[in-house]
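*Asks:* Give me coordinates for this.
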Amino acid sequence: MTSRSRFSNFTASLETYALILCMISVAGAFLFPDALTATIKPLIINVLAVLGGPFFLLVNFLLIGVIVLAFSPLGQRKIGGEHAKVEFSNFGWLSMLFAAGMGSGLVFWGVAEPAMHVLQPPLKQSLYPDRQAAALAITLVNWGAHAWALYAVFGLVLGGLSHNSGKAGDISAPVLSLTRSFFNRAEQLKLKFLIQLLAILAIFFGVVGTIANSTLLLSKGIELKLDVHRPWLVGLIIIVLLAVLYSLSARLGLKKGVQTLSQFNVFLAFFILVWLMTMVPLQPIIDVAISGSQYYIHLLVTGTWQFSSQLNAPSWANSWTYNYYFWWLAWGPFVGVFLAKISQGRPVWQYIVGVVIVPTCVTILWFSVFSGSAIAWDSGHNSGIMAAIKVDYTQGLFVFFKQLGWQGGVLIWASLLLLLIFVATSVDSAILVIRNLAGAKSSHCLSLYTWSFVLALSSWVLLLQNNELLNRSLAVIGALPFLFIFILQLIGFVKEFMAELQE
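*Replies:* Modelled structure (predicted):
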């Protein structure tokens, strides 16, 4: 049997193996939920206690690296090579990368996370005396430049920046380039199969956790707005609606599906942001944005390099910051491949500005407006927003909007629609990448609908557990084995890049 036929067999069976493993995981979560919860969460926390700090430092270096790269002569090189052409407009490109990256998370945590950190400050008050500014700063460490730098590196590694590392979007190419002298052709095909399988599993678990978490928030909003008290039924309806939406978008492809939904959502997010700012005092938002950004810059420059010393309890990072970063790692394979596809033809400096700087600025603005206005409103009106978040943080956004009369009611429905579409645009992008990694042809609808169904079913099983931390822990499970693949990708990419420069 030739290498080419072996590769065809591997490719043909990859999707089957991946689907079987994903379905086994779903069955385990459904049949043994308590055992899963009792086993996974402490396991993840223990693993993160060992790997979280070193990985956090690695992402620190990657953030510095992409900024230096943007200002270096290499910043003029095009993603995908000198002959690559830009396919999408700037607005379409920015809309898609933001929607795929973490748009749904900002809606979920926009009010809740900074408020939770105000109630229980993770940063030492002796170092960061302004409680609300410190809460915003630590939230930005979790959601800001570091996360987007990690995505940017995935895109650079997979974007054809190195001409010898393989075609754009080939997730195994940098590793195969690194190991070419150690393995023969047949062994490299097996390694390629393993890398693609681990990437699919990482994407699957990361996306399922996001669907489940977002559905929790959507369910809570609908329950509060319509006074419905059947969360499992509401959640099932939402997941079915999501599945229809992201299946249709994935079926239509990048331009007609993903790009259209992403652009609509950016307009909707801007509408919600501006409308909210016309209804609340602006001074508290400006104050927290400035002071929180100052603390955030301090953390970027010094604090994140000695992160444990900045925290009241260093173990806090295992459940929050490190947990988030491994979730971003789980999303890295699909966001990286997606960025590589939609960024072809753009100079590296523009790519880094678009993928790191612009989303970080939007993240600062979003958290400042939502958390700053909600906390100030609660302080001035004694409206119970913080008390509600203390009991159930998924209520915070809706309890806040309910204080704003009929306009708040409109904002609740607009936010639910925003979250729904953000999730759909993330999942449709993930399905496109999963099917690409699995070697499925774009014309094979059965493959698309199968993945859509498995993702929806898995999300509903998780939703029944009603456990946000479990959802995050499952996302991390997919990322842990892929960490080693990611390190090999970085080494292989740097090796090929240095070889090109020497030539």
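*Asks:* where exactly do the strands run in the stretch 51-200 of the chain?
*Replies:* For the stretch 51-200 of the chain, no strands are identified by DSSP state E, counting those that start in this stretch.
*Asks:* Point out where it drops to low pLDDT.
*Replies:* Applying pLDDT under 70 to the stretch 51-200 of the chain flags residues 101-102, 160-169.
*Asks:* let's go with 80 and repeat that
*Replies:* Residue ranges of the stretch 51-200 of the chain with pLDDT under 80: 80-83, 99-104, 158-174, 177, 180-181.
*Asks:* Spit out the contact partners of residue 415.
*Replies:* By Cβ atoms under 8 Å, 6 or more residues apart in numbering, the residues touching residue 415 are 107, 221, 272, 397, 401. C-beta coordinates here come from the backbone N, C-alpha and C atoms, glycine included.
*Asks:* How about residue 135, nearest residue that isn't a chain neighbour?
*Replies:* residue 117 (3.6 Å; Cβ to Cβ, 6 or more residues apart in numbering).
*Asks:* quick one: contacts for that neighbour?
*Replies:* 123, 134-135, 138-139.
*Asks:* What of residue 349?
*Replies:* 70-71, 75-76.
*Asks:* before we move on, which element is it in?
*Replies:* helix 348-352 (DSSP states H and E).
*Asks:* quick one on the thing from earlier: whichever of the contacts of residue 349 end up buried, select them in PyMOL.
*Replies:* A single PyMOL command is used to select the members of the contacts of residue 349 judged buried by 16 or more other Cβ atoms under 10 Å:
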select buried, resi 70+75
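*Asks:* Go through the contacts of residue 349 and flag which are in helices.
*Replies:* 70-71 (DSSP state H).
*Asks:* would you turn the contacts of residue 117 into JSON lines with distance to residue 357 and neighbour count?
*Replies:* Converted to JSON lines, the contacts of residue 117 look like this (distance: Cβ to Cβ, whole Å; neighbours: other Cβ atoms under 10 Å):
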{"residue": "123", "distance to residue 357": "24", "neighbour count": "23"}
{"residue": "134", "distance to residue 357": "23", "neighbour count": "26"}
{"residue": "135", "distance to residue 357": "23", "neighbour count": "28"}
{"residue": "138", "distance to residue 357": "20", "neighbour count": "28"}
{"residue": "139", "distance to residue 357": "18", "neighbour count": "27"}
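*Asks:* Output those in JSON lines, with distance to residue 340 appended to each entry.
*Replies:* Formatted as JSON lines, these follow (distance: Cβ to Cβ, whole Å):
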{"residue": "123", "distance to residue 340": "36"}
{"residue": "134", "distance to residue 340": "36"}
{"residue": "135", "distance to residue 340": "35"}
{"residue": "138", "distance to residue 340": "31"}
{"residue": "139", "distance to residue 340": "29"}
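*Asks:* just the residues you listed now: which is nearest residue 383?
*Replies:* residue 135 (18.5 Å; Cβ to Cβ).
*Asks:* State the distance from that closest one to residue 271.
*Replies:* As for residue 135, its distance to residue 271 is 26 Å (criterion: Cβ to Cβ, to the nearest Å).
*Asks:* One more: residue 496?
*Replies:* 45 Å.
*Asks:* Those two: which has the busier surroundings?
*Replies:* Ranked by neighbour count (other Cβ atoms under 10 Å), residue 496 and residue 271 place residue 496 first, with 21 against 13.
*Asks:* you'd agree the more buried one is up against residue 176?
*Replies:* No - contact criterion Cβ atoms under 8 Å: residue 496 and residue 176 do not qualify, at 10.6 Å.
*Asks:* count of residues packed around residue 471?
*Replies:* Neighbours of residue 471 under the rule other Cβ under 10 Å: 24.
*Asks:* Can you tell me the element it falls in?
*Replies:* Using DSSP H and E, the element containing residue 471 is helix 468-502.
*Asks:* and that helix, how far from the chain's centre?
*Replies:* The chain centroid and the centroid of helix 468-502 are separated by 15 Å under Cα atoms, centre = their mean, to the nearest Å.
*Asks:* now do stretch 246-259
*Replies:* With Cα atoms, centre = their mean, you get 19 Å for stretch 246-259.
*Asks:* Name the surrounding residues that touch it.
*Replies:* 88, 92, 95-96, 99-100, 260-261, 341-342, 423-425, 427-429, 431-432, 442, 445, 448-449, 452.
*Asks:* now that stretch: mean pLDDT?
*Replies:* Stretch 246-259 shows an average pLDDT of 77 in the prediction.
*Asks:* Just the endpoints, please. Distance across that stretch?
*Replies:* From its first residue to its last, stretch 246-259 covers 12 Å (Cα to Cα, to the nearest Å).
*Asks:* Let the chain start at 34 from now.
*Replies:* Taking 34 as the first residue, the last one we looked at is stretch 279-292.
*Asks:* and that stretch, which residues are buried?
*Replies:* 279-280, 282-284, 287, 290-292.
*Asks:* now stretch 60-67
*Replies:* Buried-residue list, stretch 60-67, by 16+ other Cβ under 10 Å: 62-63, 66.
*Asks:* Good, wrapping up.
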